[in-house]
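1. sharing a sequence plus its predicted fold:
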Amino acid sequence: MIDSLLWWVTSPLDYAFMRRALVACLALSLTAPILGVLLMLRGMSLMGEALSHAILPGVAVAFMLAGFSLPLMMLGGVAAGLVTVATASSVTLFSGLKEDAAMASLFLVAMAAGVMIISLSGSALDLGHVLFGSVLAVDGRTLLLVCLVSSLVLVGLAISFRALVMECLDPQFLTLQGRHAGWIHGLFMCLVVLSLVVGFQSLGTLMAAGLMLLPAATARYWSRRLEGMIAIAIGWAVTCSITGLLVSYHAGLPTGPTIVLLTGAGYALSVLVGPCNGMLSRLRTPHRVLSHEKR
Amino acid sequence: MEQEANSRLQLHNLQLAQANRTVLEHVDGRFRDGAITALVGANGTGKSTLIQGVMGMLKPVAGRVACSVPRERRAWLPQQLALDLTFPMSVEELVMTGSWPSHGALTGYCAHHYRRGREVMARLGISHLAHRPLGELSGGQRQRALIGRTLMQEAELLLLDEPFANVDSETVDVLMTVLRDMAASGATLIVVLHDMEQLSRLADEVVVLANGHAHWTSPQAILEGQAPIAGTARLTLGIPGVSTC
């Protein structure tokens, strides 16, 4: 039993492409959930999802110019994501349109433009790779880039974490101290774009935010503390990445959707049985009696 | 000059506008260090606008605000809080954030910060709530925690917009004591008030806002009905001798 389990876990790692895929997924799982938790606490989860689609035109232009080159497609994605964030912020600043509305309009146009460019310059198979990911196609050079960008995101988060938390908790307090909440928000969005571009390798532009948002939403049902949420989100993302990779290998399933479906299953379970506001815990907890403690 | 020497916050011919409409003009005056100045006036007379102008959140149309208090020592408790109460943070963590502006974004808290945080919470009577999430606090408990943050910040200029609204009487007493102590240690406090009893207990000076202008006066003058104050403000403050018709 143990031997067969050991074989089930280790045999895929005989192949170099599986080892590279595993490292790429782990790099994503160690960074994206932290951003996901901060996005969720800001009520911006859907913005993250929209942004993941907005990187498509950059990926498509790189694809058109250089073919299926993952490093160039990543750079294109970063450029398109940053342009979208800057444009959405400018539209909000100068026209008063809310940022989510500006982003929703832009990501639809970006998505359509991206699909159009790829369709005109490649085959349907290429479009499938870009939309749904191709983690098994990650080569050594791309893996290095993925790890480099993930490390950059992690360092950026470590440096700006306190400011990001404060901007999320009380932007007025931050502004009053002379720290421009707008700049910190901009930095945060840049980190999200970088992380989404890493995610695009594994999960495609359609599901790049999967390992960012679903583990974060899951963690909210298991912890009331920020550190707890982040640890649980990372733990769940790592578990789903490894399990998803192995399941997809043995069952012959597409890797990206398998990973996202596993994280989704964890989310559904958490909604039901999570100790923090899960449905069962709500049913079990009696109405709180007014305490007599000092107000 | 002698008077100006003990004032770190002065307004010089200040004109403030909201949405291109002038709310206050020709505001000249100074806020005394170590004193609590009550800001009174009817709704719409520009109390919040003046606070925004003083805190540098609203650019003056004309004139200037001369403030020598460094930014990290300025604190503002607005009526409409931008604080996200659903954020997973405890009372102790919120209080501790007050020390962040002075010790920077990268340095961690040391034992001194934690000791001071515990002292501040004990002073405000919220030690037993240290680990409680913000979302589970009552209005009074939240207000104590926010004042705790300004104490951690060692604020030298504190602006409070109706700090006692929806707060129980015990909390009002605790907060008044703490604010008095802050003033006694040299801080400049400006408090928007609507309650005459609170004004008489707390204020050393009063600024009345009416008809787009600010008038400096004393609490005694307000109590005796001598200050130039608009009818609606008098009614809100419960000043005697004004008809309700």
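-> Happy to help now that I have it.

2. which helix or which strand is home to the spatially most central residue of chain B?
-> With distances taken as C-alpha atoms, centre = their mean, chain B has residue B:160 as the residue nearest its mean C-alpha position (2.0 Å). Assigned by DSSP states H and E, residue B:160 falls within strand B:157-161.

3. that strand - contacts with which helices or strands?
-> helix B:47-54, strand B:74-77, helix B:169-184, strand B:188-192 (3 or more C-beta pairs under 8 Å, 6 or more residues apart in numbering or on different chains; DSSP states H and E). Every residue, glycine included, has its C-beta placed from N, CA and C.

4. list the buried ones in the helix or strand hosting residue A:109?
-> Secondary structure from DSSP H and E places residue A:109 in helix A:99-121. By 16 or more other C-beta atoms under 10 Å in any protein chain shown, the buried positions in helix A:99-121 come out as A:99, A:102, A:103, A:106, A:107, A:110, A:111, A:114, A:115, A:117, A:118.

5. equivalent analysis for stretch A:214-229, please.
-> Buried residues in stretch A:214-229, counted by 16+ other C-beta under 10 Å: A:214-226, A:229.

6. and if you look at stretch B:84-103?
-> For stretch B:84-103, burial by neighbour count (16+ other C-beta under 10 Å) applies to B:84, B:87-101.

7. just to revisit the earlier point, what mean pLDDT does the strand holding residue B:160 get?
-> Averaging the model's pLDDT scores along strand B:157-161 yields 91.

8. still on that earlier bit, so what secondary structure elements neighbour the helix holding residue A:109?
-> On a contact count with 3+ C-beta pairs under 8 Å, 6+ apart, helix A:99-121 meets helix A:45-54, helix A:56-66, helix A:70-95, helix A:124-132.

9. minimum distance to residue B:76: which of those helices has it?
-> Across the helices and strands packed on helix A:99-121, residue B:76 has its closest neighbour in helix A:70-95 (23.9 Å, C-beta to C-beta).

10. sketch out the low-pLDDT regions of the chain for me.
-> With no chain named, the answer covers chain A. Residue ranges of chain A with pLDDT under 70: A:122-127, A:178-179, A:286-295.

11. I was after chain B.
-> Within chain B, the segments meeting pLDDT under 70 span B:1-5, B:104-105, B:226-245.

12. ok and the residue in it nearest chain A?
-> Taking C-beta to the nearest C-beta, chain A has its nearest neighbour within chain B at residue B:82, 3.9 Å off.

13. the residue nearest to residue A:279 when sequence neighbours are not counted in helix, strand or coil?
-> Spatial nearest neighbour of residue A:279, excluding adjacent residues (C-beta to C-beta, 6 or more residues apart in numbering or on different chains): residue A:272 at 5.4 Å. For residue A:272, the assignment made with DSSP: H, G, I helix; E, B strand; the rest coil gives helix.

14. measure residue A:272 to chain B for me?
-> Using C-beta to the nearest C-beta, to the nearest Å, residue A:272 is found at 21 Å from chain B.

15. list the contacts of that residue.
-> A:278, A:279, A:280 (C-beta atoms under 8 Å, 6 or more residues apart in numbering or on different chains).

16. out of the helices and strands packed on helix A:99-121, which comes closest to residue A:145?
-> Minimum separation from residue A:145 across the helices and strands packed on helix A:99-121 (C-beta to C-beta) falls at helix A:70-95, 5.1 Å.

17. thinking again about what came up before, out of the helices and strands packed on helix A:99-121, the one nearest chain B is which?
-> With respect to chain B, and counting by C-beta to the nearest C-beta, the nearest of the helices and strands packed on helix A:99-121 is helix A:45-54 at 13.8 Å.

18. near chain B at all, the closest one?
-> No - for a cut-off given as C-beta under 8 Å from any C-beta of the partner chain, helix A:45-54 has no contacts with chain B; the smallest distance is 13.8 Å.

19. buried ones in that helix?
-> Of all the residues in helix A:45-54, those buried under the rule 16+ other C-beta under 10 Å are A:45, A:47, A:48, A:49, A:50, A:51, A:52, A:53, A:54.

20. which elements pack onto it?
-> Using 3+ C-beta pairs under 8 Å, 6+ apart, helix A:45-54 sits against helix A:16-41, helix A:70-95, helix A:99-121, helix A:181-207, helix A:210-219.

21. can you tell me which of the ones you listed is most buried?
-> helix A:210-219 (a mean of 29; mean count of other C-beta atoms under 10 Å in any protein chain shown).

22. touching that one from outside, list them.
-> The contact list for helix A:210-219 (C-beta under 8 Å, 6+ apart) reads A:25, A:28-29, A:32-33, A:35-37, A:39-40, A:45, A:48-49, A:52, A:192, A:195-196, A:199, A:202-203, A:228-230, A:232-234, A:236-237, A:240-241, A:256, A:259-260, A:263-264, A:266-267, A:270, A:274.

23. related to what we said a few turns ago, make CSV out of the helices and strands packed on strand B:157-161 and add mean neighbour count and distance to chain A.
-> Putting the helices and strands packed on strand B:157-161 into CSV (neighbours: other C-beta atoms under 10 Å in any protein chain shown; distance: least, C-beta to the nearest C-beta, whole Å) gives the following:
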stretch, mean neighbour count, distance to chain A
helix B:47-54, 22, 11
strand B:74-77, 24, 6
helix B:169-184, 17, 6
strand B:188-192, 25, 14
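
24. how about CSV for these, with distance to residue B:32 added?
-> Output for these, formatted as CSV (distance: least, C-beta to C-beta, whole Å):
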stretch, distance to residue B:32
helix B:47-54, 14
strand B:74-77, 17
helix B:169-184, 9
strand B:188-192, 7
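
25. go through those and name the closest to residue A:158.
-> strand B:74-77 (27.9 Å).

26. packing partners of that closest one?
-> Contacts defined by 3+ C-beta pairs under 8 Å, 6+ apart place strand B:74-77 against helix A:171-176, helix B:139-152, strand B:157-161.

27. need these in TSV with distance to residue A:248, can you?
-> Formatted as TSV, the helices and strands packed on strand B:74-77 follow (distance: least, C-beta to C-beta, whole Å):
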stretch	distance to residue A:248
helix A:171-176	42
helix B:139-152	49
strand B:157-161	57
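
28. mind checking which of these is nearest residue B:43?
-> strand B:157-161 (12.6 Å).

29. buried ones in that closest one, by neighbour count?
-> Buried, per 16+ other C-beta under 10 Å, within strand B:157-161: B:157, B:158, B:159, B:160, B:161.

30. ok, which pair from the residues you listed is furthest apart?
-> Maximum pairwise distance in the buried residues of strand B:157-161, criterion C-beta to C-beta, is 14.1 Å, between B:157 and B:161.

31. flag every residue of chain B that's near chain A.
-> For chain B, the residues in contact with chain A (C-beta under 8 Å from any C-beta) are B:55, B:57, B:71-72, B:74-76, B:78, B:81-84, B:86-90, B:94, B:97, B:100-101, B:105-106, B:125, B:128, B:133, B:138, B:140-141, B:168, B:170-171.

32. rerun at 6 Å
-> Those residues of chain B that sit near chain A, judged by C-beta under 6 Å from any C-beta of the partner chain, are B:71-72, B:76, B:82-84, B:87-88, B:101, B:105, B:133, B:138, B:140, B:168.

33. the residue in chain A positioned nearest to chain B - how many residues pack around it?
-> Residue nearest to chain B within chain A (C-beta to the nearest C-beta): residue A:172, separated by 3.9 Å. Per other C-beta atoms under 10 Å in any protein chain shown, the neighbour tally for residue A:172 reads 17.

34. please apply the same query to residue B:108.
-> Applying other C-beta under 10 Å, we find 8 residues neighbouring residue B:108.

35. surely it is within a strand?
-> No - under the criterion used here (three-state DSSP), residue B:108 is coil, not part of a strand.

36. where along chain B do the strands fall?
-> Using DSSP state E, the strands of chain B run over B:9-18, B:21-31, B:36-41, B:62-67, B:74-77, B:157-161, B:188-192, B:205-210, B:213-217.
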